[in-house]
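> sequence first, predicted coordinates after that:
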2 protein chains.
Amino acid sequence: MSLKGACIFGQSGGPTSVINASAYGVFSEALKNPMITRVLGASHGVKGILNDELFDISKEDEHELELLKSTPSSALGSCRYKLKDPEKDDTDYRRILEIFKKYDVRYFFYNGGNDSMDTCNKISKYLMSQNYECRVMGIPKTIDNDLYGTDHCPGYGSAAKYIAATCAEIYRDATVYDTGAITVIEAMGRNAGWLTAASSLAGLSGCGPDLIYLPELPFDLDDFIARVRRCYEEKGNCIVVISEGIKDKDGVFIAEYANKNASSDAFGHKQMGGSAAYLALCLKEATGAKIRAIEFSLMQRCAAHCASETDVNEAVLMGSEAVKAAVSGMTDKMVAIKRAEGSEYKAEVAMLDLTDVANAEKKFPLEWITEDGVGIKKEFFDYALPLIKGENPYCWENGLPRFANLKKIKAQQA
Amino acid sequence: MSLKGACIFGQSGGPTSVINASAYGVFSEALKNPMITRVLGASHGVKGILNDELFDISKEDEHELELLKSTPSSALGSCRYKLKDPEKDDTDYRRILEIFKKYDVRYFFYNGGNDSMDTCNKISKYLMSQNYECRVMGIPKTIDNDLYGTDHCPGYGSAAKYIAATCAEIYRDATVYDTGAITVIEAMGRNAGWLTAASSLAGLSGCGPDLIYLPELPFDLDDFIARVRRCYEEKGNCIVVISEGIKDKDGVFIAEYANKNASSDAFGHKQMGGSAAYLALCLKEATGAKIRAIEFSLMQRCAAHCASETDVNEAVLMGSEAVKAAVSGMTDKMVAIKRAEGSEYKAEVAMLDLTDVANAEKKFPLEWITEDGVGIKKEFFDYALPLIKGENPYCWENGLPRFANLKKIKAQQA
């Protein structure tokens, strides 16, 4: 079972507030592990391997690596690069193998969401098919919380905390006048409503939204306008949170109503956003009320100053456990979180087959949506509250964020 | 000089993260001051006086009042109500005097920005003209930092800290791919560029915007597109921050290009917003690049979880000093901040005539803008850094904000 060699760690997909915390988990564990001879970081995920752009992590300052725990986004750079089917075109795979051999890479850790687990899975299977001994481990990351098999996903807790706290703060602001207003807030989530649902937690601060629209249910524009109008007329204010991914009964994104030329990324996903602005226009026309559209945009995934301590700790744990598991002989797996039985929240580590998680999607449970379709049930609060618990220490310096400052020294062949 | 009676405190205009901290300053000082027989809070500013909707602050729980220091927006409710010229229509003024007599109000504290100081000034002058003895004090508040005569304004430091920190975080996120992107961020500021300029502070974290457009200089769309394109082509990324109030050389708001039917409030101010979205569309057409428009919207004025400790302390100070000054005999003034001479930052209290501050506006100094018109000079950093210093303790409870929960018991006539 014993395997000695270099490791490569790569970050992929949309950034989160805690993806660098997983990097810290991998680096700190790998740097001290005697089976790992070198710790390399890939520049812009798998692209860095293809381009032979690898950083020598052992040359980084220890304090700067520590700061990764409160540095948002992907410190090594990310990518959205889709590997082809190796049976049709194995160019990229042969190149990856070449680089792995060049640096004697025997451990590969890839941190990302659904698409990145697809990349990780394909690389794992290819290396096996070539009988190249290398332990491949996926490390989960996504604010969307839509990764299959894991109780929840590092990145979600912090984004959920940002959304809940910000919704509560906006509630205070948006209801301050006695002249009434409608506020339409847009959260990310193309197909899964986990982030949008997190806005309901603000209700526990007494400042929750009135209506919540997840992408799991078909969106009806007329019904939406009628409900908002009723709420506005009854309360004098209405705060509604929608997911960027809400679709009508024919599966057409509301964002597409607004922007017919929305562009797509390498995975064929439409660039979203703009649904709230579009709905605000519809509501303005229908009600004449004062209306504001707010998009949480990048802030929901990069507001590390508001990160959940639980989330950061679990992100670190996923990184270090991936290293430990690989060294102990495991491969072709994704590290995951299992919620321990019992009333006290406790995260346990689980291992899932990469084949199972690649491209699979976990949606928000329909049974956690209230009967009227515009609210969230207590079951979700019980699920989500432990994940937003605690405030991660953020490094402020002279009133400004102090992020990890990596030297990123290019690795030379040994 | 000795005057005994009740006091009324009111909050007016757009909320900030720290307007309630000034309320705390007034309440804590007034509740213990023997000359002040009752402490009343006006519901929705001057409207609460006109409607005889006053809260009895002495009936509030002490701990909840303390929590005001980290509760955003206006806990008593705010208003945008413009008092008429008393020479043309003195109805409102007579009503105010009637209420003041009803509750034996001898102290009036009004917390707000330019327009609110106009209200405060008018009430002050009217009461004098009626020989009704009442000490009237304005307490400054605005995220815009455009109040005349004060070195800076409570509310600005926290909004500036939010903008600087969030710009730094967005920079990390928006530059994570090697495929390039343009990000257009919109900050508030109808006529004054103080908030937009605060984005330059992110540069001290190594994550500053490339181009900054303040409303103090005329905005040229063609030149804007050319500069962004050049930056994008040279660096592969471009982050640009614009003020919502940028105007072309003919004084037309860029927001109006986007929204010809923008509505106006009671003071005749156009409802802004949407400039970034409009410019993003222009840039998309011109460059074909991946573009994202981000509006800081209400978050920049209500993100109390990211408030500046200096700002909160100064907001409390303004409130308590207003009470002390009024009790000592002062009236018809606005409390203000004077920066003490010397290299160490120190805020001193100054008193300005209400007549001078009402409706006056303090713009961003042109000499602090770089020669090319799209950057901010070091003089501003020296000015702004002390104002964003320190992190105000925020009350989190189970991972969520815990705001002040006032009982708001309606005051009865004594």
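Received the coordinates, thanks. Numbering: from 1, shown residues only, chains lettered A, B, ... in the order given.

> show me the strands in chain A, by range?
Under the criterion DSSP state E, strands of chain A are mapped to A:5-11, A:36-42, A:54-56, A:105-112, A:135-140, A:181-187, A:211-213, A:237-243, A:291-295, A:333-339, A:347-353, A:396-397, A:400-401.

> quick one: closest of these to residue A:173.
Distance to residue A:173, taken as CB to CB, is lowest for strand A:181-187 among the strands of chain A, at 8.8 Å. For glycine as for every other residue, the C-beta is placed from the backbone atoms N, C-alpha and C.

> what number of residues lie near the closest residue to residue A:308 other than its chain neighbours?
Using CB to CB, 6 or more residues apart in numbering or on different chains and skipping residues adjacent in sequence, the residue nearest residue A:308 is residue A:157, 4.0 Å away. Summarising burial for residue A:157: neighbours were counted as other CB atoms under 10 Å in any protein chain shown, giving 33.

> can you tell me how far residue A:157 sits from residue A:118?
Shown here: residue A:157 relative to residue A:118, a distance of 24 Å by CB to CB, to the nearest Å.

> now swap in residue A:171 and tell me
With CB to CB as the criterion, residue A:171 and residue A:118 are 39 Å apart.

> next one: residue A:315
Distance, residue A:315 to residue A:118, by CB to CB: 21 Å.

> quick one, which of the two is more surrounded?
More crowded of residue A:315 and residue A:118, by other CB under 10 Å: residue A:315, with 32 against 20.

> so that one is in contact with residue A:152, correct?
No: taking contacts as CB atoms under 8 Å, residue A:315 lies outside contact range of residue A:152: 11.3 Å.

> so for stretch A:398-414, what gets flagged as buried?
A:399-404, A:406, A:408, A:411 (16 or more other CB atoms under 10 Å in any protein chain shown).

> ok, stretch A:170-181 next?
Those would be A:170-179, A:181, for stretch A:170-181 by 16+ other CB under 10 Å.

> find the closest residue to chain B in the stretch 1-150 of chain A.
residue A:73 (3.7 Å; CB to the nearest CB).

> show me the contacts for the residue nearest to residue A:159 when sequence neighbours are not counted.
Distance criterion CB to CB, 6+ apart; nearest residue to residue A:159, sequence neighbours excluded, is residue A:143 at 3.8 Å. Shown in contact with residue A:143 (CB atoms under 8 Å, 6 or more residues apart in numbering or on different chains): A:14, A:16-17, A:155-156, A:158-159, A:188, A:195, A:300-301.

> confidence-wise, which helix or strand of chain A is lowest on average?
Lowest on mean pLDDT, DSSP states H and E among the helices and strands of chain A sits helix A:254-258, with a mean of 84.

> is any part of that one close to chain B?
No: Helix A:254-258 stays out of contact with chain B when judged by CB under 8 Å from any CB of the partner chain, the minimum separation being 10.5 Å.

> reformat the strands of chain A as TSV; add mean pLDDT and distance to chain B.
Listed next are the strands of chain A as TSV, based on pLDDT from 0 to 100; distance: least, CB to the nearest CB, whole Å:
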stretch	mean pLDDT	distance to chain B
strand A:5-11	98	8
strand A:36-42	98	12
strand A:54-56	98	14
strand A:105-112	98	12
strand A:135-140	98	17
strand A:181-187	97	8
strand A:211-213	98	16
strand A:237-243	98	11
strand A:291-295	95	5
strand A:333-339	98	16
strand A:347-353	97	15
strand A:396-397	97	6
strand A:400-401	98	5
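
> residue boundaries of the helices in the stretch 1-150 of chain A?
A:19-32, A:46-50, A:62-67, A:91-102, A:114-129 (DSSP state H, counting those that start in this stretch).

> looking at those helices, which is buried most?
helix A:19-32 (a mean of 26; mean count of other CB atoms under 10 Å in any protein chain shown).

> now do it: which elements does it pack against?
strand A:5-11, strand A:36-42, helix A:62-67, strand A:105-112, helix A:309-327 (3 or more CB pairs under 8 Å, 6 or more residues apart in numbering or on different chains; DSSP states H and E).

> pick the most buried one from these.
strand A:105-112 (a mean of 28).

> who are the packing partners of that one?
Using 3+ CB pairs under 8 Å, 6+ apart, strand A:105-112 is in contact with strand A:5-11, helix A:19-32, helix A:114-129, strand A:135-140, helix A:309-327.

> nearest to residue A:212, of those?
The nearest among the helices and strands packed on strand A:105-112, by CB to CB, is helix A:309-327 at 21.7 Å.

> now do that closest one and strand A:36-42, the angle between them.
Going by axes from the mean of the first three to the mean of the last three CA atoms, to 10 degrees, helix A:309-327 is angled at 130 degrees with respect to strand A:36-42.

> state the distance from the residue lying closest to residue A:190 once chain neighbours are set aside to chain B.
Spatial nearest neighbour of residue A:190, chain neighbours left out: residue A:245 (4.2 Å); criterion: CB to CB, 6+ apart. According to CB to the nearest CB, to the nearest Å, residue A:245 stands 17 Å off from chain B.

> for residue A:312, what are its contacts?
A:18, A:21, A:69-70, A:158, A:392.

> between those, which has the most around it?
Of those, with other CB under 10 Å as the count, residue A:18 tops at 35 neighbours.

> contact partners for the nearest residue to that one once chain neighbours are set aside?
Distances taken as CB to CB, 6+ apart place residue A:315 nearest to residue A:18, at 3.9 Å, with adjacent residues excluded. By CB under 8 Å, 6+ apart, the residues touching residue A:315 are A:18-19, A:21-22, A:25, A:141, A:154-155.

> nearest spatial neighbour of the residue nearest the centre of chain A, chain-adjacent residues omitted?
Nearest to the mean C-alpha position of chain A, by CA atoms, centre = their mean, lies residue A:142 at 1.7 Å. If the residues on either side of it in the chain are set aside, residue A:142 comes closest to residue A:113, at 3.6 Å by CB to CB, 6+ apart.

> the contacts of residue A:143 in helices, which ones?
Among the contacts of residue A:143, the members falling in helices (DSSP state H) are A:156, A:158-159, A:195, A:300-301.

> does residue A:29 touch residue A:323 like I think?
Yes: counting by CB under 8 Å, residue A:29 does reach residue A:323; the two are 4.0 Å apart.

> which residues of the stretch 51-200 of chain A lie near chain B?
So the stretch 51-200 of chain A meets chain B at A:71-74, A:77-80, A:161, A:164-166, A:168-170, A:172-174, A:176-179, A:183 (CB under 8 Å from any CB).

> give the contact list for residue A:196.
A:163, A:187, A:189, A:212-215, A:241-243 are the contacts of residue A:196 under CB under 8 Å, 6+ apart.

> please redo it, this time with the cut-off set to 10 Å
By CB atoms under 10 Å, 6 or more residues apart in numbering or on different chains, the residues touching residue A:196 are A:163, A:185-189, A:209, A:212-216, A:241-246, A:296, A:364, A:376.

> where does the stretch 151-300 of chain A have low pLDDT?
For the stretch 151-300 of chain A, the stretches with pLDDT under 70 are A:259-273.

> and residue A:40, bridged to which residues?
Per DSSP bridges, the residues bridged to residue A:40 are residue A:8, residue A:56.

> which ones are touching it?
Taking CB under 10 Å, 6+ apart, one finds A:6-10, A:30, A:48-49, A:54-58, A:76, A:99, A:103, A:105, A:107-108, A:411 in contact with residue A:40.

> let's see it at 6 Å
By CB atoms under 6 Å, 6 or more residues apart in numbering or on different chains, the residues touching residue A:40 are A:6, A:8, A:54, A:411.

> how about residue A:13?
Residue A:13 touches A:112-113, A:115-116, counting by CB under 6 Å, 6+ apart.

> quick check: the gap between it and residue A:78.
The value you get for residue A:13 to residue A:78, if CB to CB is used, is 6 Å.
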